[in-house]
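> turn this into a model:
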Amino acid sequence: MKLVIAVIQDKDSNRLSNALIREGFRATKLASTGGFLRSGNTTFMIGIEDERVQEVFQVISTNCKVRDQLVTPVSPMGGSTDSYLPFPVEVQIGGAAVFVVPVERFEHF
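Numbers count the residues shown, from 1 in each chain. Predicted structure coming up:
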């Protein structure tokens, strides 16, 4: 058994949740916050049999897409802010960061 942990952008959360249900996967959703852009994420925890991990990966990759977005970086923490002029920068957001860890034991009560 494996635990799949998928950190995705909030925009993809409902689409992924519906797709997982449609495909018969059970998941726990947790609200989370990204460190770099400080934007809302959703973390899915999915317990799954080893042989079905690739199926979960397919559902995640189909429903969580990378997109470009303009963001204004936050000002530097130290130093003079007089010379700091924030301007929008295009960055890639979305997609999914997926971790797979072995599960030694699983109980459902």
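
> count the neighbours of Pro88 for me.
10 (other C-beta atoms under 10 Å). (C-beta placed from N, C-alpha, C; glycine too.)

> next one: it from Lys29, what distance?
Distance, Pro88 to Lys29, using C-beta to C-beta, to the nearest Å: 31 Å.

> quick one: contacts for the closest residue to Met1 other than its chain neighbours?
Nearest residue to Met1, sequence neighbours excluded (C-beta to C-beta, 6 or more residues apart in numbering): Val103, at 4.2 Å. By C-beta atoms under 8 Å, 6 or more residues apart in numbering, the contact list for Val103 reads Met1, Lys2, Leu3, Gly47.

> pretty sure the first one contacts Glu49?
Going back to what we said before, that points to Met1. Yes - here Met1 reaches Glu49: they are 6.0 Å apart, a contact under C-beta atoms under 8 Å.

> neighbour count: these two, which is higher?
Between Met1 and Glu49, counting by other C-beta under 10 Å, Met1 is the more crowded of the two (13 against 10).

> what sits against that one?
Gly47, Ile48, Glu49, Asp50, Pro102, Val103, Phe106.

> check the contacts of Val103 against Ser17 and report the nearest one.
Nearest to Ser17 among those, counting by C-beta to C-beta, is Gly47 at 15.6 Å.

> gap between the closest one and Val101?
Gly47 is 10 Å from Val101, by C-beta to C-beta.

> same question for Leu30.
15 Å.

> ok, those two, which is more surrounded?
Leu30 (12 against 8).

> quickly list what that one is bridged to.
Thr43 (DSSP bridges).

> quick one: it and Asn41 touch, right?
No - Leu30 is beyond contact range of Asn41, at 9.1 Å (criterion: C-beta under 8 Å).

> nearest to Thr62 among the contacts of Val103?
When the contacts of Val103 are compared for distance to Thr62 (C-beta to C-beta), Lys2 wins out at 19.3 Å.

> ok, the closest one - contacts?
Gly47, Ile48, Glu49, Asp50, Val53, Val100, Val101, Pro102, Val103.

> which ones among those residues map onto strands?
If you go by DSSP state E, these have Gly47, Ile48, Val100, Val101, Pro102 in strands.

> done for today, thanks.
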